[in-house]
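# Structure of the sequence below:
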Amino acid sequence: MTATYDCIATTTLGSALSTISFTSISGSYTDLVLVFVGAQTNNAQGDLQFRFNSDTGTNYSRTILYGSGSAAGSTRSTDNTFFRVNTYSYPDTVDGGTTQILNIMNYSNATTYKTVLARGNSAASGLDATVGIWRNTSAITAIECYIDTGTLKSGSMFTLYGIKAE
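As a prediction, this is how the structure comes out:
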């Protein structure tokens, strides 16, 4: 069985923004992959955060393994109102400062919680590996992506892919 990646949507920021959204996501794929490549406008070490279907309830949990080249560790949090993917791989001010890749499994399944595996890296600050769960059985039809401090630079890019098993 091969997997086919279809580009569902790409957003390249024409100006500095703090939030972008993907809406009306079709349920015709098995999994989603969301890729972010970009930087922030200030050096506030803002965190990339995500919400599914505009859910602001305490339904998100995550564990992050991280390293900076001189330190390593892990952190875990539960009952969050968002899903955060970085500790060290924040989008620093250098163009193309970070790459974040989120794999969202079984996003259209309406009987299970949604699992997310994410990895991120930044040459200036470090890398992260994250596993998370959204405790909701609804199919994901919308993803909100935002930075909690400052804004993302013009030219930062989000691309959403659908994976179709064949």
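
# Please list all residues in contact with the residue nearest the centre of the chain.
Taking CA atoms, centre = their mean as the criterion, Leu102 is the residue nearest the geometric centre of the chain, at 5.0 Å. In this structure, Leu102 makes contact with 32-35, 50, 85, 116-118, judged by CB atoms under 8 Å, 6 or more residues apart in numbering. Glycine gets a C-beta too; all of them are placed from N, C-alpha and C.

# now do 10 Å
32-36, 48, 50, 83, 85, 116-120, 130, 132, 143, 145, 160 (CB atoms under 10 Å, 6 or more residues apart in numbering).

# List only those of those flagged as buried.
32-34, 36, 48, 50, 83, 85, 116, 118-120, 130, 132, 143, 145, 160 (16 or more other CB atoms under 10 Å).

# In three-state terms, label the residue nearest to Leu34 when sequence neighbours are not counted for me.
Closest residue to Leu34 apart from its sequence neighbours, by CB to CB, 6 or more residues apart in numbering: Leu102 at 4.3 Å. Counting by DSSP: H, G, I helix; E, B strand; the rest coil, the backbone at Leu102 sits in strand.

# Run a quick neighbour tally on the residue lying closest to Asp148 once chain neighbours are set aside.
Among residues not flanking Asp148 along the chain, Asp47 sits closest, at 4.9 Å (CB to CB, 6+ apart). By the criterion of other CB atoms under 10 Å, Asp47 has 17 neighbours.

# Now do Asp47 against Gly120, distance only.
11 Å (CB to CB, to the nearest Å).

# Could you list the low-pLDDT ranges of this structure?
Confidence mapping of the chain against pLDDT under 70 gives the ranges 1-3, 43-44, 87-96, 165-166.

# mind redoing it with 80?
Within the chain, the stretches with pLDDT under 80 are 1-3, 42-46, 86-97, 123-125, 165-166.
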